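[1] structure for this input, please:
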Amino acid sequence: MPVPSGSQTVGPFFRFALHHEQWNDLTAGAPSGEKIRIGGRLLDGDGAPVPDGFVEIRQADAGGSYACGDGFTGFGRASTDRDGDYAFTTIRPGAVPSTLGAQAPHLVVSIFARGLLKQLHTRVYFADRAAENAADPLLSSIAENARRTLIAERAGERGAIPEFRFDIVLQGEGETAFIDL
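    Prediction:
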């Protein structure tokens, strides 16, 4: 009699095969818009870094369109290092029109890591866009404590490029709010 096999998890990932440095710089094609840098740490439920994960982003261009052009793909992937750090250089996305009202500038994020049965999805909004964030249909529909986990804070500048910090906590205290797709 056949016995069902156990479920498989996502990962571990093999950095040498899946890491391409150019994938975390979405500005290589010199797209229009404000250049920004966003990074943080991928942390497990114990607060320990996840050294072998991947963070992917998809985003609108500076005009709020996902039909990217102008040397901009709207897609990036960054692997985490041994400290769980990841980073992207991109352009600030514009507000995205929708039938429910304008979506505040945001990044759509997918997380792949060991121990996950499938990737996780979330969004990143920007702390310096409070008025737009307050009107965002998705962000305004969730509880305040979960909403805070989706906001990237300004972390200074690198040269003339604004930097934002967004840590991703997979579970436990401070867990990032994830979206069930």
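[2] tell me what the residue nearest the centre of the chain is bridged to.
    The centroid of the chain falls nearest to residue 109 when counting by Cα atoms, centre = their mean (3.4 Å). Residue 109 forms beta bridges with residue 57, residue 122, as assigned by DSSP bridges.
[3] name all residues that make contact with it.
    55, 56, 57, 121, 122, 123, 124, 168 (Cβ atoms under 8 Å, 6 or more residues apart in numbering). Every C-beta, even on glycine, is put in place using the N, C-alpha and C of the backbone.
[4] any chance of a ChimeraX selection covering the buried ones in those residues?
    Taking 16 or more other Cβ atoms under 10 Å as the burial criterion, the selection of buried members of those in ChimeraX is written as:
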select :55,56,57,122,123,124,168
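[5] closest one of the contacts of residue 109 to residue 181?
    Residue 181 has its nearest neighbour among these in residue 121, at 5.4 Å by Cβ to Cβ.
[6] in the protein, what spans have low per-residue confidence?
    Within the chain, the stretches with pLDDT under 70 are 1, 3-20.
[7] which helix is the longest one in it?
    helix 130-135 (DSSP state H).
[8] which other residues reach it?
    With Cβ under 8 Å, 6+ apart as the test, helix 130-135 has contacts from 95, 101, 102, 104, 105, 125, 126, 139, 140, 151.
[9] which of those are buried?
    By neighbour count, with 16+ other Cβ under 10 Å, the contacts of helix 130-135 hold 95, 104, 105, 125, 126, 139, 151 as buried.
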